[in-house]
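> I would like to see how this sequence folds:
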Amino acid sequence: MRIVVVGGTGQVGSKLVKTLIADGHEAVAAAPSTGVDCVTGEGLEAALAGASAVVDVSNSRSTEDEAAMGFFRRSTTHLLEAEADARVGHHVVLSVVGTDRLAPQSGYSRAKSTQEELVAAGPIPYTIVRATQFFEFLRTIADSATVDATVRLPAVLIQPMAAVDVARALAVATLGEPRNGVVEVGGPREFVLPELIRTALTARGDARQVISDPAARYVGLAVEERTLLPGEGSVAYDVRFEDWIIETAAKG
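Numbering: from 1, shown residues only. Modelled structure (predicted):
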């Protein structure tokens, strides 16, 4: 099967390409660096020729409201039009658990919701894979909540997962039948956010103090106890946070 991975040179996309190739498929990384730009439509016709499925893991470089909305609206529109012309049979898109719940207060989440809506209304059978936060972004969460070397976070629940498991989830979705709906995926267990961040920083030798603060925000957003958790029927993947910490530490 020929599968085009849009954003295939990035953190998740590159892992997905390797996973698909290891499974015996022809996986093509489509990105500006390979001559494909979904925002302008450049290179799409050639990239999608003969493709059975397309997986969109691309992301806006800016989380600013208008920039993110413009990126996801233009890129998704061009991609779906090109897929229809190429007779692609399955469109898979990576989204975020909690997108619908956070959209009222987050321009980025509204942009992702718009992307999901375009895909659902489009001409291609589809599967939307909403993933929980990646282990790889825990330091970014800490940085966003740091003031004077103290990290303040709400004591909400989170079920993060490794980027490699996100790639595996996307591969499963792509090789299966289109769901014409949403699949939610997460890691193997839930954590209380400040405890998770404290463990992540300690493992990296980061001396910042982490404090639970009910008034604190999660990357600038007000969240409730279960906002960041996947819903019923979600799929839990295998890589444990502890094992990921050990593996990444071994890689330096």
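> buried stuff in the helix or strand bottoming out on mean pLDDT in the chain?
Between all helices and strands in the chain, the lowest mean by mean pLDDT, DSSP states H and E belongs to helix 241-250, at a mean of 87. Residues of helix 241-250 classed as buried by neighbour count (16 or more other CB atoms under 10 Å): 241, 244, 245. Bear in mind the C-beta positions are built from the backbone N, C-alpha and C, glycine included.
> any low-confidence regions in the stretch 151-252 of the chain?
Across the stretch 151-252 of the chain, the ranges flagged by pLDDT under 70 are 250-252.
> go again with 80.
The model of the stretch 151-252 of the chain has pLDDT under 80 over residues 249-252.
> now do the helices in it.
163-175, 193-203, 241-250 (DSSP state H, counting those that start in this stretch).
> just the residues contacting the second one, thanks.
Going back to what we said before, that points to helix 193-203. Residues outside helix 193-203 that contact it (CB atoms under 8 Å, 6 or more residues apart in numbering): 135, 138-139, 141-142, 145, 151, 153-158, 160, 207-208, 210-212, 218, 228, 241, 245, 249.
> of those, buried ones?
Using 16+ other CB under 10 Å as the burial test, the contacts of helix 193-203 include 135, 138, 141-142, 145, 151, 153-154, 156-158, 160, 208, 210, 218, 228, 241, 245 as buried.
> I'd say residue 174 and residue 55 touch.
Yes. Contact criterion CB atoms under 8 Å: residue 174 and residue 55 qualify, at 5.5 Å.
> who touches both of these two?
Residues touching both residue 174 and residue 55 by CB under 8 Å, 6+ apart: 3, 92.
> so can I have a markdown table of the buried residues of helix 241-250 showing distance to residue 46?
Conversion of the buried residues of helix 241-250 to a markdown table gives the following (distance: CB to CB, whole Å):
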| residue | distance to residue 46 |
| --- | --- |
| 241 | 41 |
| 244 | 37 |
| 245 | 42 |
